[in-house]
Structure formats: structure tokens, C-alpha cells
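[1] Next come a sequence and a model predicted from it.
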Protein chains: 4
Amino acid sequence: MRTGAWLIGARGSVAVTSMIGALAVRSGLTGPTGCVLESPALRDRVRPGIGDLVFGGHDVTSVPLDKKAAELAAAGVVPAAVASAVQAELTAIDQRLRPLPSAARQAETAAAISADLDAFRRRHDLERVVVINVSTTEPAPPPHPAHAELPALRATLDRPGNVLPPSALAAYAAFHAGCPYVDFTPSTGARLPALDALARERSLPYGGHDGKTGETLVKSVLAPMFAQRNLKVRTWSGVNLLGGGDGANLARPGANAAKAASKQRVLAETLGYAPQGETRIDYLEDLGDFKTAWDLVTFEGFLGTAMRMEFTWHGCDSALAAPLILDLARLTAAAHRLGRVGPLPELAFFFKDPLGEVPHGLAEQWQALCAFIDTLEPAR
Amino acid sequence: MRTGAWLIGARGSVAVTSMIGALAVRSGLTGPTGCVLESPALRDRVRPGIGDLVFGGHDVTSVPLDKKAAELAAAGVVPAAVASAVQAELTAIDQRLRPLPSAARQAETAAAISADLDAFRRRHDLERVVVINVSTTEPAPPPHPAHAELPALRATLDRPGNVLPPSALAAYAAFHAGCPYVDFTPSTGARLPALDALARERSLPYGGHDGKTGETLVKSVLAPMFAQRNLKVRTWSGVNLLGGGDGANLARPGANAAKAASKQRVLAETLGYAPQGETRIDYLEDLGDFKTAWDLVTFEGFLGTAMRMEFTWHGCDSALAAPLILDLARLTAAAHRLGRVGPLPELAFFFKDPLGEVPHGLAEQWQALCAFIDTLEPAR
Amino acid sequence: MRTGAWLIGARGSVAVTSMIGALAVRSGLTGPTGCVLESPALRDRVRPGIGDLVFGGHDVTSVPLDKKAAELAAAGVVPAAVASAVQAELTAIDQRLRPLPSAARQAETAAAISADLDAFRRRHDLERVVVINVSTTEPAPPPHPAHAELPALRATLDRPGNVLPPSALAAYAAFHAGCPYVDFTPSTGARLPALDALARERSLPYGGHDGKTGETLVKSVLAPMFAQRNLKVRTWSGVNLLGGGDGANLARPGANAAKAASKQRVLAETLGYAPQGETRIDYLEDLGDFKTAWDLVTFEGFLGTAMRMEFTWHGCDSALAAPLILDLARLTAAAHRLGRVGPLPELAFFFKDPLGEVPHGLAEQWQALCAFIDTLEPAR
Amino acid sequence: MRTGAWLIGARGSVAVTSMIGALAVRSGLTGPTGCVLESPALRDRVRPGIGDLVFGGHDVTSVPLDKKAAELAAAGVVPAAVASAVQAELTAIDQRLRPLPSAARQAETAAAISADLDAFRRRHDLERVVVINVSTTEPAPPPHPAHAELPALRATLDRPGNVLPPSALAAYAAFHAGCPYVDFTPSTGARLPALDALARERSLPYGGHDGKTGETLVKSVLAPMFAQRNLKVRTWSGVNLLGGGDGANLARPGANAAKAASKQRVLAETLGYAPQGETRIDYLEDLGDFKTAWDLVTFEGFLGTAMRMEFTWHGCDSALAAPLILDLARLTAAAHRLGRVGPLPELAFFFKDPLGEVPHGLAEQWQALCAFIDTLEPAR
Ligand SMILES: NC(=O)c1ccc[n+]([C@@H]2O[C@H](COP(=O)([O-])OP(=O)(O)OC[C@H]3O[C@@H](n4cnc5c(N)ncnc54)[C@H](O)[C@@H]3O)[C@@H](O)[C@H]2O)c1
Ligand SMILES: NC(=O)c1ccc[n+]([C@@H]2O[C@H](COP(=O)([O-])OP(=O)(O)OC[C@H]3O[C@@H](n4cnc5c(N)ncnc54)[C@H](O)[C@@H]3O)[C@@H](O)[C@H]2O)c1
Ligand SMILES: NC(=O)c1ccc[n+]([C@@H]2O[C@H](COP(=O)([O-])OP(=O)(O)OC[C@H]3O[C@@H](n4cnc5c(N)ncnc54)[C@H](O)[C@@H]3O)[C@@H](O)[C@H]2O)c1
Ligand SMILES: NC(=O)c1ccc[n+]([C@@H]2O[C@H](COP(=O)([O-])OP(=O)(O)OC[C@H]3O[C@@H](n4cnc5c(N)ncnc54)[C@H](O)[C@@H]3O)[C@@H](O)[C@H]2O)c1
Ligand code: NA
Ligand code: NA
């Protein structure tokens, strides 16, 4: 049951933390804290296991994995002792990473990506390869008619110019290579009708969007609480202060807007109305890989009484995201094995901006996930 | 479908706020914010409605309801305009309130309480009367063998001395009068084997304990979130700063201990282990009817990374509790009509320390509540 | 010692709260909480007293003062009982308020403003009139050469077009009428070389800018603490959530920028360097006249250890500002009597963006204020 | 100008962090962040410098310094690289540490302590030795008549039994050995009339009590702010959650009470009245050496408007305390050189519970410190 986990953005913080973590869990150096599929309720239910995952990936940078690991250790994201213990294995993964192909026409780039995926599968004798996008968040692309129809998309890709943003081109190439695709970022990914058609043509499942790791996770339990108690939320404002590579990118207006929108969606969906207020993202280099989010909720109770709640979340984004990458690789592989095709709304539990008409409350998403796992054959 | 809501502690903040609110909702002066049964998901599903409730009750003080209403308005718990608009109706309710009976033997006291309940039902031509305890929290009573067996309890009540604390005596009297009983406080109430036997003998349901209105409500959604994400909670500490009558009483060590214990139970039940930390309750007269709770949660993620969350809850306890009193009166009346006997674990959604082997996560409690409501005949 | 307090923006929240408060203190309905000159350390030191102030003012709206008072009471800014108790006196003040003059050329407008001031002084037999700007914050005006020289300014005012923003025109008119001028807003006010020249020509003092009532007040004590302890502040980020009329205006980018800049200045001035981070202002109508500010400070201690502090400030801006208006009217009148000319740096204690080369730490500003008061003749 | 810094509790967190830090600063491995005497305002003003300090001390445990340093590094209090870089020098200090003497009579114990101090001074050719208590906080001792008079104390020390708690015995021995004494803990130390008499007899200065490193530091700037603005503080409640060795000890009721009292004193002293509320200290082993304090301040403004402020302080107590130990050793040595005798109220800036009738606001304490430094001869 050897399964490939091919990461787009394989030299980034989330990717490398997930690799270090998988290696450390596998060798018993650490427990699987943060891995949803290793919680008491779900342990031993889903194959492949963490130990079955074989890592590969694309990136546009060539910073060696051990250098990145040292940076993560210095930043307090991974323990220094763990980073050195897995160094040899990390170097082995480094051999399997490939520079992101780039050709004159996007069709050729896609073919080169697919070829890398095929080679990875064959060389490592993998049952299947799941492609997961953990690369830098892109701005939303300009709309294009070829996004709507697969034949038109194919024709356009053969011409010069970039009709697809990188995340969508990666999804296109993954599907061509027979690989399920998951987008952990708010980027476009497989979220275009033409790509959905391709996934269905190749009988492949896909998942996304935008890993839910902090403030939005908390919102997804608090907002249903207010709704169920029939308390009227008047305002909900949030500020996210973060450093790190992701932070630097999100400080760019395009990416910031994409992210902030996906962060407020949970409120309208679970409350049934949109309270006043916005979510802001501010980049502060000095905060490093840790993020502080502060939210203020003002609400109204019986007879209009004004009340309020505020929370501060101080989390390490990469440490929160990395174990979910392992969960998503395993769940998507299992869905593929099961013959699932098209979007995987059962994975909504993991995402800020989930695919499909799904509940946005975490509790219902949890139940949908558990129900999905119940449909899998017993793991042993 | 006129239904009696007989409140023990009928001149207290929670009781009077619930009366004012019911009158205001009924006359269209205000909406039913905070009433769970009036949320979009449950509206028009449960009979009796708010308009069917007829209030009565016992108290040990004789402060007039309009005086209490003026105090609540001055404290910002109810709008002054609403308090004056319902003044006449409040005075009408005042006529129906009775001083808490007190006789030489508890059997006689109970008989007098039952007689008050019977008289209330007959005089107002009520289909049924639900007794709800919203009086001052008692210290836990010393254990007594007669708590275990109904015949022994009956015999002991006939002798001098107090074998039952007031809340349990009220439950005893309610059951004798054929009334379901709900305890909104952490006091003993119906939670004794002998009283359970009596409820079953009289085919009556009962509910409790300790209304969940603030910090514990938040805990009951956050703790499942940490569990589902397999994040390890290391410490969870809380402090509750409150004024008001309830606060003054909770500052007394016995009552404080009862309350603090019922506040931490949700953690062990939903996490599967008890993190370090305590919940403290401090009384500060100057805070009035508003309560501020602060909680610090420290937790561990992937590879042991240390993270933390804190929240501040600033709520008006009486405004949060009062609409739940209306919900509980209606649901318990409906359960009685349906022939339910014994504890009502489906009401766990409302309580910090719910009866029965029930989930402590709010989401599952919400589903149990909805499932229960589905068993009721359509409201119209 | 009857002294005029002429408010530009006399029908706004700050202005009307200061009038209500002065009337209430005068008649013994309330104590002078929030009035710096009435604190135990300074009581009875400065003449005129609160009772000596006679209110007048300009505004562009004609909303009656009693209507505004009712709004402030409904919003919880002033007690309803106080608002009604002073209604008659408020109506008397209303008679003295004048619509803001507006003529074809700014010289004529200024002359009309001066005439209003003269008439007010004469009619009420006032020793002097202090003009205080509490009107809506303006965007910064485009630079103009005539701002630098009084003769050029005079010439330009005689021509069509608006060389001065309203706050500066008010200062010009005040000086012409022999009145000291204080700007409680971040607007231009007297802060132009040509106006400084005019003030000196007429031997008048002036003060400003931007009343310090919340987050910046706290910063002005915390930042010196970090500096004195030689702790290195890495980041200082703030978010201000506010409703009310001032909030609506500050949501406009120009005004917001002026305010946010004046809010960060204290950090660079007291720390000696500018930490990373910004201060944001967000408008949320539903918050009403109360403002919530949240600040996160990350700092570094011995051996580089990372630490953090956060604070939440929940204040009523008008209630914080209004008593300072009374203080400023009294202090500026006393400075005028004393013969002070030009900027009054001793008032830095009251301002976010004080005039002159002054300390920005509150403690030193307090000492400067006390030293100034020591130079005044004994009050009685 | 070689000066001894003899630490009582020399193997504890504060002591060892101060040693590591001094070594690291001396060798240029790190800057002097957190050292007050190295801030831009005071740099190069006080001799001895950090490089002139020679460490020695007593402790009741024999845990080697390098083991303690490794623990501090693992806990994130000192960087691991710094801890290893100074290992050799730390081992050298370890040779100079002595087990706390213990004899049948306290007079003999004191003589043994004095002998250790004499030997240290001679062996290392030190100009003077400052004794600083950073050992475990003691419960307050029972009152004893011999505390009041030096002759009675001498007589009692010669008899069996413990008339002095360890901190006071250390002060007695220090004075006998001609050493100034500083108490960084809330323990008794030199704070007894008999010991004051001894200090005067020997012409020695002494300082204390209880280093001000977190919540109280913040209080000492916020409380004056409320006072100067004439805002009425209604309640001020604090909770301190801490782990570490100090935390474990403070969880013991006696020590906790001593500490909590010294933490509230600043409020009454700076506000002029004691607001409602308490400061609680809770021990949570899992928090390690970091402490989280949360404070809620409710206050009243103009016309009685209710407002509130809360802050969270997340600091590393040892990292905050250690640089102050260096400051105190230097300042006390300088005071001794200057011929100062008796309590040193100028050091109030450093203490929660300062000696003498001194201001409790940080700003005034800062000025007193600066004024004291001005009396010292120029450092170079
Ligand atoms: N960490 C979280 O909690 C979290 C949550 C939700 C979403 N995300 C998203 O996950 C992504 C990764 O976050 P991160 O913190 O690891 O960021 P990062 O900046 O550390 O890593 C991103 C990596 O992507 C690479 N990259 C950029 N463009 C690429 C391309 N076109 N093809 C291949 N590789 C490319 C970069 O070189 C870099 O190595 C971001 O988009 C982020 O928004 C993270
Ligand atoms: N408000 C909340 O959010 C909340 C939540 C959970 C539980 N509770 C519980 O609800 C109860 C009521 O709270 P409150 O704020 O209204 O308190 P309160 O002090 O305002 O009212 C209690 C009333 O009970 C009366 N009383 C005392 N002993 C009595 C007795 N033996 N028989 C009859 N009446 C008696 C008192 O005279 C008073 O009128 C408390 O026990 C409280 O702990 C409240
Ligand atoms: N409240 C505080 O804590 C605080 C602190 C610092 C500064 N300020 C400043 O004080 C000012 C007043 O605040 P507020 O809350 O009372 O605002 P507000 O909106 O309630 O009142 C402003 C008033 O000014 C009037 N106005 C507008 N333009 C005018 C003009 N050209 N001439 C005369 N009147 C004019 C408006 O009609 C209104 O009545 C604002 O500029 C605000 O930024 C307030
Ligand atoms: N860290 C801070 O911010 C701070 C602030 C104010 C006061 N303090 C006080 O400083 C002291 C030290 O704190 P810490 O965190 O280093 O504690 P710690 O527990 O790490 O160290 C205390 C040391 O004192 C030793 N000791 C105990 N009794 C002794 C005795 N009679 N004689 C000699 N040594 C003895 C212990 O063996 C231990 O090595 C405590 O009293 C604490 O309350 C610390
Ligand atoms: Na907070
Ligand atoms: Na907070």
C-alpha cells in the first residue's frame, strides 16, 4: 500500500514540517499529535498509514531540505533534536524533489509535470500518488471562457500565454497522470468546470480549499454555538498578525483578499446572516512562524442585552497544517481506492473554503468525515 | 394548552427576567433572541408556546416584582422601557407568588408546597405545571441513608430534622403534586435515588442540572474542537468574576465548590483526560449582573509545538439564563405530555452538569435535542 | 471670572457630553470623575472653575441639543436621568449656538465667525472666550505657499477658493477675535506658520492636537515602561473598532490615515525606535459610541527571550473626551490670563499629537502639566 | 573594581540565568537587553560594570550549574547555544558555590555564612561583596520580640531554636561580614528593626523587596494613568498562572499569601484607595518557566460611564528577573562605595514591595533612580 504524497511547494514550511513529522512519527521519535486520523476515535481506520507515505514534489526554489529543516528548528517549529535525527532520510527525499517544469506553452509544462508524476510512481513502485498543493497562495486569475469547457481549455493550453494559474495547471497535470489532487491553499486548483470535467473523465477525486488551522477553526465551532443558542451576533471582527513566508505573501493585496474572504464565509454559512466586521491579515516579519489572531464578537441576548466575547489564538501555522497534510494524503488515497470521483465534500472538516454544498460548522463536518471513514473497508 | 411555570426563587434575577421577557415577547415589545426554541431551526415545533406559559412560584423574600424589575432595569439587564411596559402584568404575577412554606416537619412543608401547586393549577385552569428551581445555590447536603430509598425517605420526612435540602424537598413536593421538575441550579434537586423512584411512581419526567450560560458553554464547543483535531490540551484555567446576588452566594465556599466542579466536568468528558488547571469564581460586588470569564488553554501540536488560546466572555448571566427557563418549561411540558418518565438526558444542551450518560460536546447535545423535538407531535 | 467655551462642532457627541457633564457637575447631580483638574492632586488649583464656563458654539447641523442628549442617553453615554435633569439649561445653551457662517470668500467667512465670537463675549459679559475644535476630523489639506506667511495668507483669503480647511479658518477667526484656540482633533487647526504668526501678533496661546483618550493613552505609559526596563519591543500592532459619528468619519481613508499616524508617534518618541506594526481603525456601526481597541506587543528580554503582552481597552470615547474639554477650556483660559503666547506644550498630557518638542511619555507630560499649574496664581 | 555578587539560592533559575547572561554579555555573545543600567539613558553611568562582577553563592541543593543551565535551555529561558558557550566559565563559578551552612545554633550558622563571605572576598580579591537573596520564598515568620532589638536578637541567636527565617539570618551574616544585602524575594530579609540597627552599626546599605517583573510592573504604570486622568477604578482582579520552581513553591498557601499581598499594594498606594478585587497565583506545572498573568480593570468615567480594560502578560520570569540582579549588584555596590547606610529607597523601581515611604508609580521610581545615579561619581 505504498502511496505517493507529491507536494507542490515541497520546500516550503508546511511541506517540510509534514515530511519531518512523518519521518519522526514513523521512527517513534514523536507521537502523532495533530494528526486527525491518529486521534483515539479514528486510529487504525484509514489505509494507507503514515508509514506508507512516500514523499516527492515540485518547487520553484532549490533550497535544500536540510537547510529548511534547520530554519524550522531555529524558529521553534520543529525540535532541533528531531530535525537532526531525520536528516539522512530528509536528504533521501530531497533527491526525489524536482524543479517545477516551465515550457513555452502550458500544455508542454503540464506534460512535463505529468511525466514527473509518472516517473515518481514507477520508480518507487507506488500504488497511487496524491498531489497536494502547499505552494505560495496565488492571486485569483482573471476569468477566461476556456475555464468552463475542457475542449476549449485543451485548445487554449496549446497556444502561448497562461490561461491557467500554476495551481490549476498542477491539477490539470495531476489528473492527466491519473492522480487525485488536493488544494491546501486558497488558490484556484481544480476549482474550474473544465478541470472538474477532466477529473470525471479520468475517474479521479479531488479536494480543497485552504487548510483550516487557526482563527477559522475556532469560528467554525463558536458561530454554531451562537446560532444554536439563538444569540444574535452583531459584529465579528478579526485581525491576524503573522510572519513567515506565507505571511510575507499574504501581505500582498491580491492574496490577502482571497484569504480574508475565505475566512469570513463560515460566519454567513453557519449564522444564516453576515454580521458586521472584517478579518484583516497583517504581516509582521518579527513574528516568525507563529501567528496571533484576535477576534471580537459582539452579540445580543434576551431583551437586546449587549454582550461580547473575544479570543486570542497563538498558534504555529506550519505545525497545525503539517499533520493535516498527512491526513489528506491518506484520506484522498483511500477515496481513490474506493472509486470516488469528483469533489470530496467529506473533507470539509479540513478546509476554510470547502468544496460543495456542505455544512460549515465543525461538528457536522466531523460527522461527515466519520461517516465517510465508515464507508472505507476496515483498515486491517 | 395553558401551562404553569412555577419558579422556586421566583423573585430572583433569573426568574424575574424570564417573566419580563415572556411578557415582552408575548406583547410584541421584543423578539425572542436567546430562546432556543425560537431559533429558525426550531421555531413553531414545540407546544406550549411562550404565550401559553402562566407564571407562579415560591420565594423566601417578599421583595415585590416591580421593585426587582426596576433594579434589573437600573443594572442594564432589561431595558427600562420594557420593564415599565409590562408592569401591570408583572403585578398580576406577583399575586400568584407564595412565600415558601415552612413547617415543623419536612413532610408538612412538602404537603404545603404541593397544596400551593394544586391550587395554582386549579385556579388558572392549567393543563400541567412545570416546577423549575432558580433559587439560590445550596451547599451539597450531608449524605443520608434515606436518600437512597423512597420508603425510608418518607419515614424520615415525618420526623423532625431536615433530611432533604430545599431543592430536593421542592422536587419531592412537585412530584407529589404530579408536576415535572427541572433544576437550573447545581443544587441536589431530584438527583437522589429516592426521588427518582418517586418520579417513576408518579410517571413524571425531570431535568437538570445547572444552566449552561457562559464559560462552560464555550468550553463545550472548544474542547471537542481540540479533541477532533487531536491537539493535546496541557492546561485549561479559568477565572469567573461576577457580582449580583448569585455571585454573592457563590463566593461562599460550599456553593463555589459545587459550581466549580460542575464547570470542569466538560473537559474530562470531551477530551478523554483532565488537563491541569482549575476554574475559579470570584465575587466582585461592583461588577453587578455582568460576568467576565477569562480562560487560558495551552496545548501541544505536531512535534510537541506549544500553542495557546485565551478567551474573555463578558455576558449578562440573567439575560442568558432567562430565555432558557422558557425553553425548559416548554420542553418539559411537552415531554410530560408525551408520557416521558424519569431523567430527560435530551436536555443536556441546556446544562453544565447534565443528567445521565450523555455527550458533553454541545454539537452532540444539540442533535439529541433536535432528535427529541422530532419525536413530539407537530406543534400545529 | 465668567469664561466662554466656544465649541466648533457644538452639536456633536463630545461637545454635548461636555455640556451635559458641566451642567450636572455644577448642580451636584454627579461628581467630576474624569476631569483632570478635579483630581485630588489638582483640585481647586485652576481658575476658571467648571461653574464659570459659559457654552456656545458653531455647527453645520441644526439637530437640537436635547435630541442629541436623548440619543446619548439611549446609547449609554450619559445617564437618562441626568440628561432630563439638565434639559432646560441645555435648551438655554442651544439658543447661543450659531450655524457655521459660510460666505463667498474665506475672509468674509472668517469675519462672520469672529463677529459671532465677539457677540457671544459681549452678550454674556465674558472675561474671555476659548475656542475649542471638536468637529469632524478633516482630511489633511493640500499644501499651499500661503500657509507659510501671514501676509500671503491674508491676501489669499480675500480671493475665491479655500486656502484653509475649516479647522484652520476657525483658528484664524478665533485669533482675529482675540480668542485662544485649542484643537481636540487631528485636523490642521492653528498648526500653520501663518497662524502661529497671527497668534503671536495678537498675543494669544493655542493648544492641540487630537485628544488622547484610549489606546494611545495606554501606549503612553506602557512604552516608557519597556524603555526604562531596556526591553526591546519587536512589534506593536493595534486595532481600533468603533462606531458612532466619529467612527463613520474615520472610516474614510483620508481621516483614518491622519488619525493612525498620530497614534503610532508615541512609540517612536518614547522607545527611541519604531517597532514593526500598525494601528488600524475599523468602523462598525453596531458598536455605537463604545470603542474596543486591542494591542499586541511582542518584546525581547535578556538573552533574546521572546515575550508578549496584549491589552483590550473598552471605553466610551465621548465620556473620556468630554471632561478633558472642560479641563482644556480652563487651562487655556488660565494661560491666556497669564499672558502666555504661542503653542502650549504643557498641555501635551491631553494630546496624541502634542505641539512642540515635548516628551511623549504620560508621566513626564503629567509633570509638565503640574509644573505649569504651579505657575498660575493660587485659584482662591 | 572587582565586585562580588553572592547569591543566596545560587543554583535556582533566576541566579543561574543571571550568571549565564553576565557571562554572555561579557563575551559579546549577546546584548544587555533587560539590564536597566545598560539602557541608552543610563549606559556607562554606574560602576562596577557587568564585567566587574564575580559570582559566588549559597544553596541548599547541589544540582550542578551546567545541569541547571541545560534545563533552562530546554525550557526556552536561555538559548541552547549560549548555555553551551559559557559552560566552562559556569563550571568555574560552580567551584565557588558553597552549601548553605547549618549548625545547632543560628549564631553559629551565621558565623559560618560570614566566614564563607570573607573567604570569597579574600580569595578573589574583591573590593566588596553584595549579597542578594534569590532563594525560595519563605512563609512569613511568627513575630518574636527579639526582632525589635539587636542585643536581644544576638542573645536569642545564641540559644537553640530559629528566631530568624533563613533570609533574615543571611542578612545578619552579610552585615557581620561587612556586606550590603538585597532581597529580591518577598521574604523577611533585612526588614526587621534589629537588622536595620546592625546595618547602621556596620555602615551598610540594604535593599528590597520582591523583584517587580511582570503584572505588578504593568500595574505600576497603569494605576498612575487612571489616577492622573481622575478615572475611578472600581475593580482590579488578577490571576497569575505559572509553573517552574518558584511556581511550585508559591502554590503553598503561606508563600502565596505573602506574594499576593505585595502585588496589590501598588494599587492602594498609587490610586489612593483600594479597588475591589484580588490577585491570585495558580501553579500549573505544564506552563514551565513562562508565566501568564491576566488582569481585568473596570473603571468609571465622566457621568459614571462604565468602562474596562484587560491585559495579558506572557513573560519568562527568570529572563525578566536575571538582568535586574546584575543591576542591583552594581547599584548596591555603588551605594556602598558612596557610604550609603540603611535602606535604599531609590531602588524602589526594581521592587514590588519597596522599602521606605516611596512612590509606587514606576515613573516616579524611575526618576528617583536616575537622581540617585546622578549622585554617583562619573563611571569613567
Ligand atoms: N500553514 C497554515 O496553517 C496554512 C493554512 C491554510 C493554507 N496554507 C497555505 O499553504 C501554503 C504554504 O504555506 P507555507 O507556510 O508552507 O508557505 P511557504 O512560503 O513556506 O512555502 C511555499 C513554497 O511554495 C513554493 N512555490 C511558490 N510558487 C510555487 C509554484 N508555482 N510551484 C511550486 N512551488 C512554488 C515556494 O518556493 C515555497 O517553497 C500557502 O499557500 C498557505 O497560504 C497554510
Ligand atoms: N444566571 C445564570 O446564568 C445561571 C446559570 C446557572 C445556574 N444559575 C443558578 O440560578 C439560580 C438563580 O440565580 P439568580 O441570579 O436569579 O440568583 P438570585 O440571587 O437573584 O435569586 C435567587 C432567588 O432565590 C430565592 N431563594 C433563596 N432560597 C430559596 C428557597 N429555599 N426557596 C425559594 N426561594 C429561595 C432568593 O430569595 C432569590 O430571590 C442560582 O442558583 C444560580 O446559581 C444561574
Ligand atoms: N471622543 C474622543 O475620544 C476623541 C478623541 C480625540 C479626538 N476626537 C475628535 O473629536 C471630534 C468630535 O468627535 P465626536 O465623537 O463628537 O464626533 P461627532 O461626529 O459626534 O461630532 C462632530 C460634530 O462636528 C460637526 N461638524 C462637522 N463639520 C463641521 C464644521 N466644519 N464646522 C463645525 N461643525 C462641524 C458635525 O455636524 C457634528 O455635530 C472628532 O474630530 C474626533 O476625531 C475625539
Ligand atoms: N523570577 C521572577 O520574576 C521573580 C520576581 C520576584 C521575586 N522572585 C523570587 O526569586 C526567588 C527565586 O526564584 P527562582 O525562580 O529562581 O526559584 P527557584 O526555585 O528556581 O530557585 C530557588 C533556589 O533557592 C534554593 N534555596 C531554597 N532555600 C534556600 C535557602 N534557605 N538558602 C539557600 N538557597 C535556598 C533552592 O534550592 C533553589 O535552587 C523566589 O523567591 C521568587 O519568588 C522571582
Ligand atoms: Na486577551
Ligand atoms: Na483579552
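    Sure, I can see it. Ligands and ions are numbered 1, 2, ... in the order given.
[2] Would you mind giving both backbone torsions of the residue of the stretch 101-250 of chain A found nearest ligand 2?
    Nearest to ligand 2 in the stretch 101-250 of chain A, going by CB to the nearest ligand atom, is A:R229, at a distance of 12.1 Å. For glycine as for every other residue, the C-beta is placed from the backbone atoms N, C-alpha and C. Per-residue torsions, A:R229: phi -90, psi 0 (degrees, to the nearest 10).
[3] for it, what are its contacts?
    Residues near A:R229 by CB atoms under 8 Å, 6 or more residues apart in numbering or on different chains: B:G34, B:V36, B:S39, B:L217.
[4] Might you list the low-confidence residue ranges for chain A?
    Counting by pLDDT under 70, the ranges of chain A that qualify are A:245-247, A:253-259, A:262, A:377-380.
[5] Repeat the analysis, applying 80 as the threshold.
    For chain A, applying pLDDT under 80 flags the ranges A:244-264, A:377-380.
[6] so where do the strands sit in chain A?
    A:3-8, A:53-59, A:97-99, A:128-133, A:181-183, A:205-208, A:232-242, A:279-283, A:290-300, A:306-316, A:342-343 (DSSP state E).
[7] Out of those strands, which is closest to A:E269?
    strand A:232-242 (12.9 Å; CB to CB).
[8] Report the distance from that closest one to the chain centre.
    Centre-to-centre, strand A:232-242 and its host chain are 23 Å apart (CA atoms, centre = their mean, to the nearest Å).
[9] again, but for stretch A:131-145
    Relative to the chain's own centre, stretch A:131-145 is displaced by 13 Å; criterion: CA atoms, centre = their mean.
[10] cool, stretch A:301-315 as well?
    30 Å.
[11] Specify the stretch among the strands of chain A that is closest to chain D.
    For chain D, the closest of those is strand A:306-316, at 7.3 Å, according to CB to the nearest CB.
[12] is that closest one up against chain C anywhere?
    Yes - under the criterion of CB under 8 Å from any CB of the partner chain, strand A:306-316 makes contact with chain C via A:R308, A:E310, A:T312.
[13] So which of the contacts of A:R229 wins on neighbours?
    Comparing the contacts of A:R229 by number of neighbours (other CB atoms under 10 Å in any protein chain shown), B:G34 comes first, having 28 neighbours.
[14] tell me the contacts of that residue?
    For B:G34, the contacting residues are A:R229, A:N230, A:L231, A:G301, A:F302, B:A319, B:L320, B:A322, B:P323, B:L324, by CB under 8 Å, 6+ apart.
[15] ok so, going back, redo the strands of chain A as CSV? Include distance to B:T375.
    What follows is those, written out as CSV (distance: least, CB to CB, whole Å):
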stretch, distance to B:T375
strand A:3-8, 45
strand A:53-59, 46
strand A:97-99, 58
strand A:128-133, 44
strand A:181-183, 41
strand A:205-208, 37
strand A:232-242, 29
strand A:279-283, 40
strand A:290-300, 31
strand A:306-316, 33
strand A:342-343, 35
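[16] Pull up the gap between A:R330 and C:A321, please.
    Noted for A:R330: a distance of 58 Å to C:A321, by CB to CB, to the nearest Å.
[17] Now do the end-to-end distance for stretch A:39-52.
    Start-to-end span of stretch A:39-52 (CA to CA, to the nearest Å) is 18 Å.
[18] Name the residues of it that come out as buried.
    A:S39, A:L42, A:R45, A:V46, A:R47, A:P48, A:G49, A:I50, A:D52 (16 or more other CB atoms under 10 Å in any protein chain shown).
[19] now the residue in the stretch 51-200 of chain A positioned nearest to chain B: how far from A:A22?
    Residue nearest to chain B within the stretch 51-200 of chain A (CB to the nearest CB): A:V78, separated by 5.1 Å. Counting by CB to CB, the gap from A:V78 to A:A22 is 12 Å.
[20] Let me know how buried A:C370 is, in neighbour terms.
    That count, for A:C370 with other CB under 10 Å as the rule, works out to 15.
[21] Next up, the contacts around A:G315.
    A:T213, A:G214, A:F290, A:K291, A:A293, B:G301, B:M307, B:M309.
[22] In terms of neighbours, single out the busier of A:V78 and A:A22.
    A:V78 (30 against 26).
[23] rewinding a little: dump the contacts of B:G34 into TSV; add distance to ligand 3 as well.
    Converted to TSV, the contacts of B:G34 look like this (distance: CB to the nearest ligand atom, whole Å):
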residue	distance to ligand 3
A:R229	34
A:N230	34
A:L231	29
A:G301	27
A:F302	30
B:A319	28
B:L320	31
B:A322	34
B:P323	34
B:L324	38
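[24] between those, which has the most around it?
    Neighbour max across these (other CB under 10 Å) = B:A322, 32 neighbours.
[25] For the stretch 51-200 of chain A, which residue gets nearest to ligand 4?
    Closest point on the stretch 51-200 of chain A to ligand 4, by CB to the nearest ligand atom, is A:G76, at 22.0 Å.
[26] out of the contacts of A:G315, which are buried?
    Burial by neighbour count, 16+ other CB under 10 Å: within the contacts of A:G315 this picks out A:T213, A:G214, A:F290, A:K291, A:A293, B:G301, B:M307, B:M309.
[27] In space, what's closest to the first one - neighbours in sequence excluded?
    Yep, that's A:T213 we're talking about. A:L320 (3.9 Å; CB to CB, 6 or more residues apart in numbering or on different chains).
[28] In this structure A:L231 contacts B:T33, no?
    Yes - between A:L231 and B:T33 there is a contact at 6.7 Å, judged by CB atoms under 8 Å.
[29] shared neighbours of these two, which are they?
    A:E300, A:G301.
[30] For the stretch 1-150 of chain A, just list every one of the helices.
    A:13-26, A:65-74, A:80-85, A:87-96, A:106-123, A:150-157 (DSSP state H, counting those that start in this stretch).
[31] Point out the most buried one among the ones you listed.
    Highest mean neighbour count of the helices of the stretch 1-150 of chain A: helix A:13-26, a mean of 27 (counted as mean count of other CB atoms under 10 Å in any protein chain shown).
[32] State which one residue of the stretch 251-380 of chain A is found closest to ligand 4.
    Among all residues of the stretch 251-380 of chain A, A:H314 sits closest to ligand 4, at 21.4 Å; criterion: CB to the nearest ligand atom.
[33] So out of everything in chain A, what residue is nearest chain B?
    A:A363 (2.9 Å).
[34] Please work out how many residues are found near the residue of the stretch 251-380 of chain A found nearest chain C.
    Taking CB to the nearest CB, chain C has its nearest neighbour within the stretch 251-380 of chain A at A:D286, 4.3 Å off. If you count neighbours by other CB under 10 Å, A:D286 ends up with 15.
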